[in-house]
Structures are given as structure tokens and as C-alpha cells.
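> Below are the sequence and a predicted model; questions follow.
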Amino acid sequence: MKNYKMQNKKPKFNIVINPTSKKAFVFLITSNILFFSAYLFFVGATTVEVVNRKNIEEQTKTLQSTMATLEESYNGASKIYTKDYAKTLGFIEAVPMFYATASTTTVAYDQGR
């Protein structure tokens, strides 16, 4: 009986890659990765801007509601507080004030210099 040994022979493939094709392939892979990254960035930025816009719109609605409430309370208060009501509280009507100023004549010595 003969002893047989199994040997793993490496297959020999002679793959010759054209350097121009290799450069083109590397360029295409790199550009695809770059464009995909840019796409993800812009989609993310757009999503963030949409969420920010929604938040700003909600804040604007809240501020408009607060402003309407304050205007309503101001209008109600302006009907209550009249000159007659102020007089009953002891206030007196303001008297217009006049101010006097002395006019002075000055000579400009530095004209024409």
C-alpha cells in the first residue's frame, strides 16, 4: 500500500491589472464615498433646519398668543383707568412746564482756517 500525501497547491493566477484601470477604479470608489458622505451631510443638515423651523414657528405662535393676552389686558385696563378714576385716587392733572434759556452770542474765531 502506498502512502499518499495531500498537498495544498496554491492556484496560480496571473492577474494583470492595467495601471490606468486601477487608477480609474480607485478614483470612482473614492468619488462615490465622497459623494455619499456629502449626500448624508446635506440630508442631515436639511433635517435639522426643518426641525429648527418647526420650533421657531411654535415659538412664534406662543409669542403671538402671549402678545394677544397682554393686549387684551391692556385694553381692559385702559378702560378702567381714566382721569376721573385718577382724581378719586388723589392724582392731579399735570401742568405743562416751560423752560427758559438764555441766548448767547458767540464769535467763531476759527472760521476759514
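Perfect, thanks for sending it. All figures in this text were calculated on a predicted structure; none of them were measured in a lab.
> So in this structure, which helix runs the longest?
When the chain is parsed with DSSP state H, its longest helix is helix 19-80.
> The helix or strand following that one - contacts with which helices or strands?
The helix or strand immediately downstream of helix 19-80 is helix 83-88, counting by DSSP states H and E. The helices and strands touching helix 83-88, judged by 3 or more C-beta pairs under 8 Å, 6 or more residues apart in numbering; DSSP states H and E, number zero. Any C-beta I mention is one placed from the backbone N, CA and C, and that applies to glycine too.
> pLDDT of helix 83-88, averaged?
Across helix 83-88, pLDDT averages out at 88.
> Over to stretch 101-108?
72.
> Go ahead and measure how far it is from the middle of the chain.
Centroid separation between stretch 101-108 and its chain, computed with C-alpha atoms, centre = their mean, to the nearest Å, is 55 Å.
> Buried residues of it, list them for me.
Buried residues in stretch 101-108, counted by 16 or more other C-beta atoms under 10 Å: none are found.
> For it, C-alpha coordinates in CSV please.
C-alpha atoms of stretch 101-108 as CSV (Å, rounded to 0.1, in the frame of the first residue of the first chain):
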residue,chain,number,x,y,z
THR,A,101,-32.9,129.5,28.1
ALA,A,102,-30.6,132.4,27.7
SER,A,103,-29.3,133.1,24.2
THR,A,104,-25.6,133.7,24.0
THR,A,105,-23.8,135.3,21.1
THR,A,106,-20.5,133.7,20.2
VAL,A,107,-17.9,134.6,17.8
ALA,A,108,-16.3,131.8,15.8
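> which residues touch it?
Counting contacts by C-beta atoms under 8 Å, 6 or more residues apart in numbering, no residue outside stretch 101-108 touches it.
> try stretch 83-92
Counting by C-beta under 8 Å, 6+ apart, residue 93 sit against stretch 83-92.
> So what's the residue count around residue 78?
9 (other C-beta atoms under 10 Å).
> Sorry, slip of the keys, the one I care about is residue 31.
10.
> again, but for the one 3 residues further on
Around residue 34 sit 10 other residues, with neighbours defined as other C-beta under 10 Å.
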